[in-house]
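K.L.:
model this:
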Amino acid sequence: MLPIGIAASLASAGLQVTSVASATDGVDPAAASAVTARIHDIQGTTRVSPLKGQTVSGVTGVVTGVRSAGSRGFWMQDPNTDNDPATSEGVFVFTNSAPNVAVGDKVQVAGTVSEFYPGGAAVGDQSVTEITAPTVVVLSSGNPLPAPVPLDQQVPDRFVPDAGGGSIEGLTLRPTSYALDLYESLEGMNVEVADVPVVGATDAHGELWVSVEPTHNRTARGGTYYPSYNDPNPGRLQVQSLIPSTVQAFPAANVGDTLTGTTTGPLDYNQFAGTYTLVARSLGSVTSVNLQREVTAPVNKGELSIATYNVENLAPSDPASKFSALASGLVAHLNSPDIVALEEIQDNNGATDDGTVAADHTLDKLVDAIVAAGGPHYSWREIDPQNDSDGGEPGGNIRTAFLFNPSRVGFADRPGGNATTAVGITGTGASTALTVSPGRISPTDESWVSSRKPLVGEFTFLGKKIFVIANHFNSKGGDQSLTSRFQPPARTSEVQRVRQAGVEHAFVEQLLAADPAARIVALGDLNDYQFSPAVKTLSGQGGTLKDLVNTLPAQERYSYVFQGNSQVLDHILVSPGVASVNYDVVHINAEFAAQASDHDPQMVRVRVATS
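P.N.:
A predicted model of the protein is given here:
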């Protein structure tokens with residue numbers, strides 16, 4: 001709190017006095033030892049304040065945004081710059097409770113300079129420079145705001161300096177050379193975008209993603225595709241809103257739409273996404289391109305259609321609308337594939353963790369929804385996992401499963417497959433067969449700890465044998481974000497996926513050793529990119545299995561949209577014995593605000609007979 005004498009003096013001078021100092025912090029911002037500082041002195045020329053941990057006073061600026069929920073506080077900006085492009089003129093003042101200031105107030109702040117690491121320092125994200133335990137004096141109100149910095153077309157093509165995996169915190173910012181340096185040099189400042197394309201659809205948290213580089217890696221449908229680790233698309237920017245929903249609802253936008261007009265507000269580093277975010281004080285409107293959900297081509301005579309679909313933690317407790325939407329996707333958009341590999345099928349009571357592992361109710365409910373949508377009455381096969389052993393949502397016991405149309409496809413049921421029994425191979429040439437069907441590949445191998453085990457089944461179509469492997473490799477959880485302070489970011493989860501890929505590759509090699517002409521389709525959610533070490537290991541660098549996504553034009557290689565990056569996580573790989581007639585990623589979910597799943601399904605039509 002301000003000393004009584006100072007508060008009285010300010011009040012008598014006609015100044016509004018607001019104190020929001022923490023009563024428990026124990027810091028007296030008015031102490032004689034406080035450093036008198038400007039905002040650019042606090043921000044400095046690196047990612048960490050040179051005044052970190054020190055008490056500052058006399059910090060003045062104009063309030064540019066107020067956040068009254070979540071991490072409560074306000075942004076302030078000094079309109080008098082130091083003309084150093086590396087030093088931001090804006091800063092966030094963390095008040096803990098709802099701040100008693102308004103946009104346009106000129107304020108004087110004292111407090112402690114701190115670096116806030118979203119999620120904790122161990123996560124690896126960058127920090128946000130803040131003033132904490134503040135004492136705030138409102139000097140005047142209704143002041144003009146500093147002109148917003150337009151981000152459009154100003155972002156460098158290079159993303160961030162390479163520190164060999166080390167921290168970039170101590171490096172002097174080079175905002176004209178690196179995109180993340182530019183964003184950091186504007187941290188807390190008033191910025192603006194205008195008429196920008198939406199590259200990540202509105203989510204349930206009231207967020208969307210735009211690109212300030214509209215032509216960079218543009219997909220055919222208006223998104224931004226992720227081509228390599230070296231190009232994470234620097235122009236991607238998250239947009240949130242400070243505007244109460246009762247005043248202006250956050251717009252529902254799909255990929256390819258345009259956020260029309262100007263969107264203006266402070267530039268923040270998001271607490272949850274670990275990325276830079278324009279927190280809108282004024283928000284543009286959405287101009288829709290009326291993006292349509294795709295429909296795949298029909299199956300020709302003599303073709304077998306095989307699809308993969310991650311159905312996002314499907315459980316019987318999900319609303320009927322989710323089941324009907326998934327069914328509609330399979331029937332109306334994928335033309336009722338002959339075989340479907342499903343990922344994220346939960347047990348019969350979903351996330352309730354009571355030892356239940358069976359998923360027959362989940363699968364039966366999905367089959368019934370497909371019939372109601374006009375599709376075939378699929379049969380299904382799966383193997384119940386051991387309880388709480390395969391990762392995913394706690395208690396959910398997710399697993400892969402097969403649907404197949406028994407009027408078109410045969411399944412070789414061979415008993416003995418269970419959660420811990422490994423499938424083997426018997427016979428040679430045309431007599432090559434699985435020892436159990438369905439079966440799991442090396443389920444007790446340490447590579448599958450807390451992860452889904454591949455499910456392999458032996459199918460027949462027009463008298464021809466096809467081996468199908470349904471996959472769901474371990475997630476990317478624990479990896480450092482693209483905007484991490486460690487560059488390049490560590491991909492720790494990749495180690496397990498490479499091991500998983502190696503185990504499955506060895507199984508595929510055994511099959512091909514028994515029958516070099518074996519028709520093998522390995523598909524599913526591999527949780528990794530077509531250029532990743534894991535997928536290259538599974539494919540044998542492309543020499544054993546062919547990753548079909550690479551047959552598409554670059555701008556069509558995506559099945560998932562994450563933080564505005566249209567990327568590949570789902571794959572279909574085939575052995576040389578498979579003649580691929582047509583491969584298609586069917587975009588019905590990932591680009592849309594309304595989703596049945598966060599993944600797009602994909603399908604391959606395989607030529608098995610010529611007549």
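K.L.:
Next, give phi and psi for the closest residue to Glu446 other than its chain neighbours.
P.N.:
Computed as CB to CB, 6 or more residues apart in numbering, the closest residue to Glu446 that is not its neighbour in sequence is Arg499, at 7.8 Å. All C-beta spots, glycine's among them, are computed from the backbone N, C-alpha and C. Backbone geometry at Arg499, expressed as degrees, to the nearest 10, gives phi -60, psi -40.
K.L.:
do Thr264 as well
P.N.:
Here is the backbone geometry of Thr264 (degrees, to the nearest 10): phi -130, psi 140.
K.L.:
Spit out the contact partners of it.
P.N.:
Shown in contact with Thr264 (CB atoms under 8 Å, 6 or more residues apart in numbering): 148, 190-192, 280-282.
K.L.:
again, 10 Å this time
P.N.:
Counting by CB atoms under 10 Å, 6 or more residues apart in numbering, Thr264 touches 64-65, 145, 147-150, 190-194, 278, 280-284.
K.L.:
Lys465 too?
P.N.:
410, 412, 430-434, 458-459, 515, 518-519, 577, 608.
K.L.:
tell me the mean pLDDT over whichever strand or helix holds it?
P.N.:
Following DSSP states H and E, one finds Lys465 within strand 464-472. Across strand 464-472, the average pLDDT comes to 98.
K.L.:
in its sheet, what does that strand sit against?
P.N.:
Paired with strand 464-472 in the same sheet, following DSSP bridges, are strand 455-461 (antiparallel), strand 520-525 (parallel).
K.L.:
So for Arg221, which of these sits nearest?
P.N.:
The closest of the strands paired with strand 464-472 to Arg221 is strand 520-525. By CB to CB, the value is 21.0 Å.
K.L.:
who does the very next helix or strand once past that closest one touch, helix- and strand-wise?
P.N.:
Moving toward the C-terminus from strand 520-525, the next helix or strand (DSSP H and E) is helix 533-539. The contact analysis (3 or more CB pairs under 10 Å, 6 or more residues apart in numbering; DSSP states H and E) places helix 533-539 against helix 494-514, strand 546-547, strand 570-574.
K.L.:
what residues does helix 533-539 touch?
P.N.:
469, 471, 473-474, 491, 493-505, 508, 522, 526-530, 532, 542, 544-547, 549-550, 568-569, 571, 573-574.
K.L.:
For the chain, which segments are assigned as helices?
P.N.:
For the chain, the helices defined by DSSP state H occupy 4-12, 39-43, 179-185, 320-328, 360-372, 494-514, 533-539.
K.L.:
quick revisit: so what's the residue nearest to Glu446 up against?
P.N.:
Residues in contact with Arg499 (CB under 10 Å, 6+ apart) are 445-449, 451, 473-474, 534, 537.
K.L.:
Farthest pair within those residues?
P.N.:
Comparing all pairs in the contacts of Arg499 by CB to CB, the longest separation belongs to Val449 and Thr537, at 18.0 Å.
K.L.:
Between the two, tell me which one has more neighbours.
P.N.:
Thr537 (20 against 13; other CB atoms under 10 Å).
K.L.:
With adjacent residues omitted, what lies nearest to that one?
P.N.:
With CB to CB, 6+ apart as the measure, Ala501 is the residue that lies nearest to Thr537, at 3.9 Å, once sequence neighbours are left out.
K.L.:
Where does the prediction get shaky in the stretch 151-300 of the chain?
P.N.:
For the stretch 151-300 of the chain, residues meeting the criterion pLDDT under 70 lie at 153, 271.
K.L.:
An error on my part: the question was meant for the stretch 351-500 of the chain.
P.N.:
For the stretch 351-500 of the chain, no stretch is flagged by pLDDT under 70.
K.L.:
As a check, name the ranges of all strands in it.
P.N.:
For the stretch 351-500 of the chain, strands defined by DSSP state E, counting those that start in this stretch occupy the ranges 379-381, 399-404, 410-411, 425-426, 433-434, 439-440, 455-461, 464-472.
K.L.:
List the buried residues of the longest one.
P.N.:
Within strand 464-472, the residues scored as buried using 16 or more other CB atoms under 10 Å are 465-472.
K.L.:
relative orientation of it and strand 399-404 in degrees?
P.N.:
Between the axes of strand 464-472 and strand 399-404, defined by axes from the mean of the first three to the mean of the last three CA atoms, to 10 degrees, the angle is 150 degrees.
K.L.:
about what we covered before: in TSV, list the buried residues of strand 464-472 along with distance to Leu186.
P.N.:
Below are the buried residues of strand 464-472 laid out as TSV (distance: CB to CB, whole Å):
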residue	distance to Leu186
Lys465	60
Ile466	55
Phe467	54
Val468	50
Ile469	48
Ala470	46
Asn471	42
His472	40
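K.L.:
what about stretch 595-607, distance to the chain center?
P.N.:
Taking CA atoms, centre = their mean, to the nearest Å, the mean C-alpha location of stretch 595-607 is offset from the chain mean by 18 Å.
K.L.:
next one: stretch 482-497
P.N.:
Distance of stretch 482-497 from the chain centroid (CA atoms, centre = their mean) equals 14 Å.
K.L.:
got the buried residues for that stretch?
P.N.:
Residues 482-489, 491, 493-494, 496-497 are the ones in stretch 482-497 that count as buried (16+ other CB under 10 Å).
K.L.:
for stretch 532-544, same thing?
P.N.:
Buried residues in stretch 532-544 (16+ other CB under 10 Å): 532, 534-540, 544.
K.L.:
correct me, but Leu304 touches Val581?
P.N.:
Yes. Under the criterion of CB atoms under 10 Å, Leu304 makes contact with Val581 at 9.4 Å.
K.L.:
Mind listing the shared neighbours of those two?
P.N.:
With CB under 10 Å, 6+ apart, Leu304 and Val581 have common neighbours 604-608.
K.L.:
Reformat those residues as a markdown table; add distance to Ser228, neighbour count and pLDDT.
P.N.:
Output for the shared contacts of Leu304 and Val581, formatted as a markdown table (distance: CB to CB, whole Å; neighbours: other CB atoms under 10 Å; pLDDT from 0 to 100):
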| residue | distance to Ser228 | neighbour count | pLDDT |
| --- | --- | --- | --- |
| Val604 | 24 | 23 | 98 |
| Arg605 | 29 | 25 | 97 |
| Val606 | 29 | 25 | 96 |
| Arg607 | 32 | 14 | 91 |
| Val608 | 35 | 19 | 82 |
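K.L.:
Among these, name the ones in strands.
P.N.:
When DSSP state E is applied, the shared contacts of Leu304 and Val581 are split such that 604-607 fall in strands.
K.L.:
Among the residues you listed, which one sits closest to Pro266?
P.N.:
Closest approach between these and Pro266, by CB to CB: Val604, at 47.1 Å.
K.L.:
Nice, that's everything, thank you.
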